Every structure is written in structure tokens, then in C-alpha cells.
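*Asks:* sequence first, predicted model second:
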Amino acid sequence: MRGLLQIAVVVAVLAAVPLVVQSNTTLNFLVVTLLIALAGQGWNILGGYGGQYSFGHAAFFGTGAYVTAILQVRYGVNAWLAFGAGIVLGAAVGGVIGALTFRAGLRGSYFALVSLAFAEVLRIVASVAPITGAGVGTLVKLDLRVEALQFQSRAVFYWVILALVAVSLLVAQRLERTRFGTWLIAVRENEDAAKALGVNATQVKLGAMVISAAITAAAGCFYTQYFLFVDSGIAFGTRMSIEALLTPIIGGAGTVFGPLLGALVVQALGEGAKLVAGDAPGLSLIVYGCVLVLVIAFAPRGLIGLVETIYRRVARPTKREAAHD
Amino acid sequence: MTEPLLSVERVSCRFGGLLAVNAASLTVAAGRITGLIGPNGAGKTTLFAIISGFQRPSDGIVRYRGETITGLPPYELARRGIARTFQIVQPFAGLSVRENILVGAHLRHPKRSNALAAADLVGREVGLADLLDRAADTLTVSGRKRLELARALATEPQLLLLDEVLAGLNPTEIHEIAPTIRRLCERGISILMIEHVMQAVMSLSQHVFVLAEGCIIAEGTPAEVAADRAVVEAYLGHGAAKKLGGAHGR
């Protein structure tokens, strides 16, 4: 109950932001931040809760983005349906990659490298295949109607992505309260011990991969509807893979709010760097790198972990005093 | 004699040129504590890994309740009622004691509330009642061994495979944990325990198998096995039985 309440409060506060903030620049920043938070939450399900560190979540993001774009542009499919199809196909790609890697018993850095390779293969294919528009990319026609899942006001886009983030938060919270989630965490902590206790580790990891891919694919679908353009670098480039893993690790991998917090901090720092140093290419990546080093060195459990540690240090003495009374 | 719960039939396991287990056969009778002992490097752990599904044998069959279970994955064995502990304790370090046991309890209780209740019950049974909220990595060695036991028990097994649960414990701690194991047997759980320490297993088991250099060299009641010439030689070296004279010789 407490977990659900926390989610409700956070989402309610975030939902109120466009009522106060009118600036399009700020709203744009927040939409992109929530987009990254959503992609990161996808990664968090598999990486944070399941301990399988994927370096190729762009594979799912890109699948969602391309499917949404291609179905509309080439096959005239309704945008909402295309959005749903993007999520389903993203999950399917996750299922295929998961089946191949987990059944082969790939763990740790081997899994990371192979997942990166899958995303790179998809990027190269997308950059030459005619159906994706090859090097030119795919442009979705501007059509500002609700039926086309496009909105005049950025605030509406903001609420749409916030709703998706809210669903992803609920999924993560649910994970902490169910058998599937308990088993997934057990696999992260010690795969052999989990197997001995009746956990089919391959199946559990595969399930997590599919959920994870679906969430990150949803971020890709939204990207297409928001920016109305997708090319191979945006969709399957390593940049998205890195952002998807960076935000939960910085915020707190394996926690419900880690990706959201991480995305806020990372995006704010990226924007801050732009203000200070101008729009130098690659600057945000340098900032991400520095933050990542700092977090791993001083807060291995991410910002949420850091907050918990501080909270405990402050709270413990008072508890002891209470016990003495 | 009725059909044994578990029977290992001429199981061999080869790693390259090394024959770790050589046509070993043993049986575990239902409702009893069976011991598997042997000196260091005898192949106990390999044989144990084969029984628990972590290692595929090169040859031979493992039967459980008459069904062949050779080569089945560990999670499938757990579902059928065979649970194991690890010699080197493998707690889920980042989780609390209760959450550790919960992982096992979920096997028979899909619903979280039921599984939590079952986990608490098992925790109490093995003497971890006061430590349920502690982080698993803050437990002492003895606590960790109990946790290993609790997690395995939470899967509600009919056959419990204990891999050196007593190793690394001091005599007082062994004295404390031994009655727990005996109680489990009285409750109807059949137990196969591997031990390197002879004394402990001798007092607990009703039937003992001795493994040396990959072969079963003796079996019988603890007293019979302790008096066996081959066993004494395996533990103390060739000629030892002779030196000890009539006391142990047969």
C-alpha cells in the first residue's frame, strides 16, 4: 500500500507541473526526461531487478520507434494501433534475443557484449534497408489530431509520457511484491542458489527481458510520435543504450524510482552543461561519464541508495534514544 | 526391503583424464538419515552435484521414487521434492533472512502472503526466528548454515540433500544444529548428508556409505563402517589398519 501511495503522490505532483509551467522549452525538457526515464525503467526491470546488464536496449527502443513510424507511413495504419504494435514487436525482439542469449547460458559481460552486438546489427540493417528509409530515415507526416496521436500542446504529450511512466512504475512496484519478482531478484543475487530452490532461471530471465523490452519499446514509440522522425542512429544507436542503463544505475538500479530520479539528475546536468559550455557536441556524454564515475565510487547503490544510507544514519540514533526511554 | 526413495546406480563422472566418480552406487531409504562420507577429494561433492542436477554424469542412472531423474535441471528436481544446501553457503546477500527463505517458500505458495507465512514458520523451525529481519550477509557462519537449511526446507522437500552443513562449525554449534536435523527426519523428511567430519555424521546417520577415490568402498551402520579395514586405510593411509592392530582390524 505504501508503495502505491508513493507512486500516486509522485505522479500527481508531476502531473500538476504543466498547470504551473507554461514554457515550451521547460516542457520539452521534461518530456525528454520522462522519455529517458521510461527507457531506463525498461532496462531497470532486467538489469536492476534481474542483474542482467544489457548494453543493447536501443534494440527495443529502435524497434518501437521504427514500427510506429513504418506502419503509419508505409501501411497507413492508425497511429494508436501502430504504437501498440511497436510495443508488442519490441517485446518480441526482446523474447528472441533473450531466448538466444539466456539459453546459451550467457552471463555478465558476455551477455552485455552480445546484447550490444544485436543492437548494432539492427542499426546497420536499418541504415541500409529500404523499408526503414535507409540512410534518410523515416518522416511521419504532421497531423495534429488525437486520432493520429499527435497533439498541438506539449502539455498533452507530457501527460501521455507521464502516464506511460506511471504504468512502468506500477510494473516495477508489482515486481517487488510477486513471486516472479522475488525469483528474478533471487536470480540476480545468486543464480545457482535460485535454481536449487526450484527457480527456472532461464524462464524468469526471459520473462523479465520481454517486460523490459516492452517498456523500452514504448519509449521508442513515443519518440516517433513526439519528434515525427526516426533514423538508424537515433533508433538503434549506442547513445540510447547508454542512456537507458545510465539513468537507473545513477538513480538506483533495482528500485522503483531509480530510473526516474536518475533521468531527472542526468538530464538536468546535461542541460546545465549546455548552459555553461555552449552546445558542444558530445558534451552531455562527458557529463554523464563523470557522474557515473562519481556515483559508482561514492554511491554504488545509486542516489536512492545514498539517500537511504543518510536517512538511516540520521534515524538510527533517535531510535536508540527511544529504546532507552 | 521396500524400494528406496533415491537410488544411484553405477554413476561415473569423468573430467578429461580424471575419473572423479567411478561406478558409484548408493541408496537412500525413506524416512532415514543416510550419510555419505569420505576423505578429501574422494568425489563426494561431484556425486552430490550429480544427484542434485548440477552436474551431468558420464554414465549411470539416478532414480527417485522409481523414476529416472538423471540430467534433469535442479529446478525440476526441486519441484519434484528434492532440495539441496550448498557446502559453500550461498545466501542472497542483498536480501533479508526472511526474503531469502521466501524464495524457497514461493515454490509451493504462489501467493506472497502465504509464502511469507510459510517462510516465517520454517525460519522458526531452524532457530532463526529472531533474525528474520536481519540482512543475510550479517549472519554468522552458523547462522548462514541454518539459513541454507531453512531455504531448502521452505521448498517442502521429501528428500533433503545436505552438503557439509556441519563443516566449519565448532562443537557447540554442531551440538545445537544436530537436533534440528534429527527433528526433520522425525517429521518424515528423508536426508542424505555428505560430511567430511566423520564424528558428526556417525552420530546422526542410520546408514553410511563411504566414498574413496571415486568408488564406494563400504556401507553399513556407522559402527560397521568405522570398523571396516578399507575405510580406516582410506582415511589414514595404507597400512594404517595393520598398525592399529586388532582394535580395528577384521
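*Replies:* Happy to help now that I have it.
*Asks:* ok, and the closest non-adjacent residue to A:Arg107?
*Replies:* Spatial nearest neighbour of A:Arg107, excluding adjacent residues (C-beta to C-beta, 6 or more residues apart in numbering or on different chains): A:Glu191 at 7.4 Å. Heads up, the C-betas are built off the backbone N, CA and C, glycines and all.
*Asks:* can you pull out the strands in chain B?
*Replies:* Assigned by DSSP state E, the strands in chain B fall at B:6-15, B:18-28, B:33-37, B:59-64, B:67-68, B:82-84, B:159-163, B:190-195, B:207-212, B:215-220.
*Asks:* tell me which of the ones you listed sits nearest to chain A.
*Replies:* The closest of the strands of chain B to chain A is strand B:82-84. By C-beta to the nearest C-beta, the value is 5.2 Å.
*Asks:* for the closest one, name the packing helices and strands.
*Replies:* When contacts are defined as 3 or more C-beta pairs under 8 Å, 6 or more residues apart in numbering or on different chains; DSSP states H and E, strand B:82-84 packs onto helix B:141-154, strand B:159-163.
*Asks:* what does the shortest one contact?
*Replies:* Here strand B:159-163 makes contact (C-beta atoms under 8 Å, 6 or more residues apart in numbering or on different chains) with B:5-6, B:28, B:45, B:48, B:51-52, B:64, B:81-87, B:149, B:152-153, B:181, B:184, B:189-194.
*Asks:* what's around A:Ala134, how many residues?
*Replies:* 15 (other C-beta atoms under 10 Å in any protein chain shown).
*Asks:* for it, which non-adjacent residue is spatially closest?
*Replies:* Leaving out its chain neighbours, the residue that sits closest to A:Ala134 by C-beta to C-beta, 6+ apart is A:Val128, at 5.5 Å.
*Asks:* do you know how far that neighbour is from chain B?
*Replies:* Distance, A:Val128 to chain B, by C-beta to the nearest C-beta, to the nearest Å: 41 Å.
*Asks:* so where's chain B uncertain?
*Replies:* Residue ranges of chain B with pLDDT under 70: B:1, B:245-250.
*Asks:* interface residues of it facing chain A?
*Replies:* B:52, B:54, B:73-75, B:78-79, B:83-84, B:86, B:90-95, B:99, B:102-104, B:106-107, B:110-112, B:115, B:151-152, B:154-155 (C-beta under 8 Å from any C-beta of the partner chain).
*Asks:* in helices, which of those residues appear?
*Replies:* When these are checked against helices (DSSP state H), the matches are B:74-75, B:78-79, B:99, B:102-104, B:112, B:115, B:151-152, B:154.
*Asks:* now, which of the residues you listed sits nearest chain A?
*Replies:* Closest to chain A, out of all of these and judged by C-beta to the nearest C-beta, is B:Ala78, at 3.3 Å.
*Asks:* in contact with the spatially closest residue to that closest one that is not a sequence neighbour, which residues?
*Replies:* Nearest non-adjacent residue to B:Ala78, counting by C-beta to C-beta, 6+ apart: A:Gly198, 3.3 Å away. The neighbours of A:Gly198, taking C-beta under 8 Å, 6+ apart as the test, are B:75, B:78-79, B:104, B:107, B:155.
*Asks:* go with 7 Å
*Replies:* Listed by C-beta atoms under 7 Å, 6 or more residues apart in numbering or on different chains, the contact set of A:Gly198 reads B:75, B:78-79, B:107, B:155.
*Asks:* is it in a helix, a strand, or coil?
*Replies:* Here A:Gly198 is coil, with the state taken from DSSP: H, G, I helix; E, B strand; the rest coil.
*Asks:* quick one, grab the pLDDT at it.
*Replies:* For A:Gly198, the model assigns a pLDDT of 95.
*Asks:* list phi and psi for it.
*Replies:* phi 90, psi 10 (degrees, to the nearest 10).
*Asks:* then the one 10 residues further on?
*Replies:* Main-chain dihedrals, A:Ala208, degrees, to the nearest 10: phi -60, psi -40.
*Asks:* is it true that it touches A:Leu46?
*Replies:* Yes. Because the distance of 4.9 Å satisfies C-beta atoms under 7 Å, A:Ala208 is recorded as touching A:Leu46.
*Asks:* looking at these two, which one has more neighbours?
*Replies:* For A:Ala208 and A:Leu46, the more surrounded residue by other C-beta under 10 Å is A:Leu46, and the numbers stand at 30 against 27.
*Asks:* distance of the residue nearest to the more buried one when sequence neighbours are not counted from A:Pro248?
*Replies:* For A:Leu46, ignoring the flanking residues on the chain, the nearest one in space by C-beta to C-beta, 6+ apart is A:Ser212 at 3.8 Å. According to C-beta to C-beta, to the nearest Å, A:Ser212 and A:Pro248 sit 11 Å apart.
*Asks:* with A:Val156 instead?
*Replies:* Taking C-beta to C-beta, one finds A:Val156 at 27 Å from A:Pro248.
*Asks:* ok, these two, which is more surrounded?
*Replies:* A:Pro248 (31 against 13).
*Asks:* list the buried residues for the helix or strand harbouring that one?
*Replies:* Taking DSSP states H and E as the criterion, A:Pro248 maps to helix A:238-251. By 16 or more other C-beta atoms under 10 Å in any protein chain shown, the buried positions in helix A:238-251 come out as A:240-251.
*Asks:* reformat those residues as a markdown table; add distance to B:Pro39.
*Replies:* Formatted as a markdown table, the buried residues of helix A:238-251 follow (distance: C-beta to C-beta, whole Å):
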| residue | distance to B:Pro39 |
| --- | --- |
| A:Met240 | 57 |
| A:Ser241 | 52 |
| A:Ile242 | 53 |
| A:Glu243 | 56 |
| A:Ala244 | 53 |
| A:Leu245 | 49 |
| A:Leu246 | 52 |
| A:Thr247 | 54 |
| A:Pro248 | 49 |
| A:Ile249 | 47 |
| A:Ile250 | 52 |
| A:Gly251 | 52 |
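*Asks:* write out the residues of chain A neighbouring chain B.
*Replies:* Within chain A, the residues that sit near chain B (C-beta under 7 Å from any C-beta of the partner chain) are A:177-179, A:182-183, A:186, A:189-190, A:192-200.
*Asks:* B:Pro171 is nearest to which of the helices and strands packed on strand B:82-84?
*Replies:* Comparing these against B:Pro171 with C-beta to C-beta, the closest turns out to be helix B:141-154 (11.7 Å).
*Asks:* pull out the CA atoms of that closest one and give them to me as PDB.
*Replies:* Taking C-alpha atoms only, helix B:141-154 is exported to PDB below (Å, rounded to 0.1, in the frame of the first residue of the first chain):
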ATOM      1  CA  VAL B 141      28.700 -18.900   9.800                       C
ATOM      2  CA  SER B 142      26.400 -20.900  12.000                       C
ATOM      3  CA  GLY B 143      23.500 -18.600  11.100                       C
ATOM      4  CA  ARG B 144      24.300 -18.900   7.400                       C
ATOM      5  CA  LYS B 145      24.300 -22.700   7.600                       C
ATOM      6  CA  ARG B 146      20.800 -22.500   9.300                       C
ATOM      7  CA  LEU B 147      19.700 -20.200   6.500                       C
ATOM      8  CA  GLU B 148      20.800 -22.700   3.900                       C
ATOM      9  CA  LEU B 149      18.800 -25.300   5.700                       C
ATOM     10  CA  ALA B 150      15.800 -23.000   6.000                       C
ATOM     11  CA  ARG B 151      15.700 -22.100   2.400                       C
ATOM     12  CA  ALA B 152      15.900 -25.700   1.300                       C
ATOM     13  CA  LEU B 153      13.200 -26.700   3.800                       C
ATOM     14  CA  ALA B 154      10.900 -23.900   2.500                       C
END
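*Asks:* right, I'll call it a day here.
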